[in-house]
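Engineer: predicted model follows, preceded by the sequence.
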Amino acid sequence: MGGLAGKTALVTGASRGIGRAIAERLAADGALVAVHFARNEAAAEETIAKIAAAGGRAFPVRAELGTAGDVAALFAGLERGLREQDASGGLDILVNNAGIGSNGPIEQVTAEDYDRVFAVNTRALFFVTQRALTLLRDGGRIINVTSGVTRIAFPEEIAYSMTKGAIDTFTLALAKHLGPRRITVNNVAPGIVDTDMNADWLRGDPDGTAYAASAAALGRVGRPADIADVVAFAASPDGRWVTGATLDATGGSHL
Ligand code: NAD
């Protein structure tokens, strides 16, 4: 076990994709991990089983973000889980990873699409973080999974890009606000990663894969573990002097 022994972490959207890889990595580093999921309990249990098989500890927390009562449901589950694990209710690491995409350039974005992507990616992240501050111990870590699209124009996902841009501003202000408590707040910004989010155009499609690989200076498609390793740095004791930063984990696709 590594540098997170005795720490507790909440990872939102940890039943699959990047969130699952983050949960596995933080648990491998010694943290007790709350695996948040929305609907797919079996997938969350799969994440937990993988963590347990590797000698780590994790428990599930259910909440559909972007709905009424989402934050209350999440924290009721989190606090119950921490009590059951004898973790005394405190939190050391919050990873705001859950997110959804949006489709289309400005002409195609409906008011419903716009409200939905902001509700999940930005509003829920804001209020989850607000509530987490009541549990977060001094010296803690907040890591927001944003995106390389805040650094390059991506008109095909304009509303999604805006949600991630808003998080950049949130991270700057919150890092300053929480400095006196030695809580660091950072963004980790992935490029194109092979997850369900991109499955329709990337997975099994040679043209999509070739495009995504050529977009990265390092010449391949990103993997969830590439992102999890950067999150692990920000969560670790080694990350203590980095706050208000965006750590680009794009393989150079933002260059
Ligand atoms: P994914 O679709 O595989 O995972 C998204 C996760 O968020 C899932 O666990 C899902 O259950 C959860 N989620 C979505 N809506 C939710 C809701 N309403 N309530 C609760 N949970 C919800 O995609 P991913 O690629 O693993 O994405 C993880 C994060 O990485 C997202 O914030 C995404 O914007 C960001 N990101 C991904 C890429 C990429 O290329 N895959 C690139 C840049 C940023």
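Structural biologist: Arrived safely, thanks for sending.
Engineer: hey, let's count contacts and neighbours off CA atoms from now on
Structural biologist: Noted.
Engineer: ranges for the strands of the stretch 51-200 of the chain?
Structural biologist: For the stretch 51-200 of the chain, strands defined by DSSP state E, counting those that start in this stretch occupy the ranges 57-62, 91-96, 136-145, 184-190.
Engineer: hang on, Gly6 packs against Ala27?
Structural biologist: No - between Gly6 and Ala27 there is no contact under C-alpha atoms under 8 Å: 10.6 Å.
Engineer: which of these two has more neighbours?
Structural biologist: Ala27 (29 against 10; other C-alpha atoms under 10 Å).
Engineer: quick check: the more buried one touching Ala58?
Structural biologist: Yes - shown here, Ala27 and Ala58 form a contact pair, counting by C-alpha under 8 Å, at 7.3 Å.
Engineer: return every residue with contacts to both of those two.
Structural biologist: Counting by C-alpha atoms under 8 Å, 6 or more residues apart in numbering, the residues touching both Ala27 and Ala58 are 33, 51.
Engineer: any stretches of the protein with poor pLDDT?
Structural biologist: Counting by pLDDT under 70, the chain has low-confidence residues at 1.
Engineer: and the lengthiest helix in the chain, what does it pack against?
Structural biologist: Of all segments of type helix in the chain, defined using DSSP state H, the longest is helix 158-178. With contacts taken as 3 or more C-alpha pairs under 8 Å, 6 or more residues apart in numbering; DSSP states H and E, helix 158-178 sits against helix 111-118, strand 184-190.
Engineer: which of the ones you listed sits closest to the ligand?
Structural biologist: Counting by C-alpha to the nearest ligand atom, the ligand lies closest to strand 184-190 out of the helices and strands packed on helix 158-178; the figure is 4.3 Å.
Engineer: tell me the buried residues in the closest one?
Structural biologist: Neighbour counts over strand 184-190 (16 or more other C-alpha atoms under 10 Å) mark 184-190 as buried.
Engineer: export the helices and strands packed on helix 158-178 to a markdown table and tack on distance to the ligand?
Structural biologist: Converted to a markdown table, the helices and strands packed on helix 158-178 look like this (distance: least, C-alpha to the nearest ligand atom, whole Å):
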| stretch | distance to the ligand |
| --- | --- |
| helix 111-118 | 9 |
| strand 184-190 | 4 |
